[in-house]
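Participant: turn this into a structure:
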Amino acid sequence: MSMTHYMELLATNQPWNLILFMAIPVILAETVAITELFLLLSRQTQGALRTVNRIASILGGFYFTGVFGYLFVTAVVPLTSGGGWRGPADVIAVGSYLAGIVPLLGMALLDLGLLGRGLNTEQKFKLHATFVALFLVVAHVAMIFGMLDPSLLQGGESMTSHGTLSH
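Facilitator: I've put the predicted structure just below:
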């Protein structure tokens with residue numbers, strides 16, 4: 001049995017890769033998600049909970065921008081140019097993980113006032129909540145496909161690996 005590059009990344013260099021590529025982004029994103037629920041239910045636009053939400057959102061967006069850049073240059077480009085992908089599940093897992101840049105950076109830019117300048121408070125809340133939901137979807141798709149044996153979606157043996165995410 002082979003593993004996706006996503007799972008290999010998390011399993012290599014324990015516990016550091018797990019902390020850097022999973023724990024930090026997920027803790028920040030889950031902090032945003034949990035505080036977002038309370039803010040949406042209470043319709044609070046200010047206060048300590050909003051401050052925690054905003055800080056986690058901005059930190060998460062910029063932290064994941066660094067993760068995205070690092071993995072794109074050190075893993076995606078070499079795997080693509082070298083034919084190292086292990087099949088569709090591998091591409092879906094890594095692609096979904098990296099797609100987290102859209103909602104995470106979107107939330108950060110929204111909270112910094114660089115995105116959604118023409119929106120009212122209600123519209124900004126809706127967009128922020130949409131980004132939270134989008135992140136949860138892509139993160140879970142990445143986890144599900146990342147845990148698959150990559151050969152399952154290609155109907156045979158895993159593709160030969162020419163690269164790895166565990167640089």
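Participant: can you pull the contacts of residue 94?
Facilitator: By C-beta atoms under 8 Å, 6 or more residues apart in numbering, the contact list for residue 94 reads 4, 5, 6, 71, 75, 76, 79, 142, 146, 165. Yep, even glycine has a C-beta here, placed from its N, CA and C like the rest.
Participant: most widely separated two among those?
Facilitator: 79 and 142 (15.4 Å; C-beta to C-beta).
Participant: any idea how far residue 93 is from the most centrally placed residue in the chain?
Facilitator: The centroid of the chain falls nearest to residue 100 when counting by C-alpha atoms, centre = their mean (3.3 Å). Distance, residue 100 to residue 93, by C-beta to C-beta, to the nearest Å: 12 Å.
Participant: okay, and the common contacts of those two?
Facilitator: By C-beta under 8 Å, 6+ apart, the residues touching both residue 100 and residue 93 are residue 142.
Participant: which intervals of the protein have sub-threshold pLDDT?
Facilitator: Scanning the chain with the threshold set as pLDDT under 70 gives 1, 155-167.
Participant: which stretches of it form strands?
Facilitator: For the chain, strands defined by DSSP state E do not occur.
Participant: residues in contact with residue 91?
Facilitator: residue 85 are the contacts of residue 91 under C-beta under 8 Å, 6+ apart.
Participant: typo on my end, residue 110
Facilitator: Counted by C-beta under 8 Å, 6+ apart, residue 110 has contacts 57, 116, 124, 127, 128, 131.
Participant: identify the farthest-apart pair in these.
Facilitator: Farthest pair in these, by C-beta to C-beta: 57 and 116, 12.8 Å.
Participant: ok, these two, which is more surrounded?
Facilitator: More neighbours surround residue 57 than the other of residue 57 and residue 116, with 27 against 16 (other C-beta atoms under 10 Å).
Participant: mind checking how far the helix ranked longest in the chain is from the chain centre?
Facilitator: Counting by DSSP state H, the longest helix found in the chain is helix 121-146. Here the centre of helix 121-146 is set off from its chain's centre by 10 Å, with C-alpha atoms, centre = their mean, to the nearest Å.
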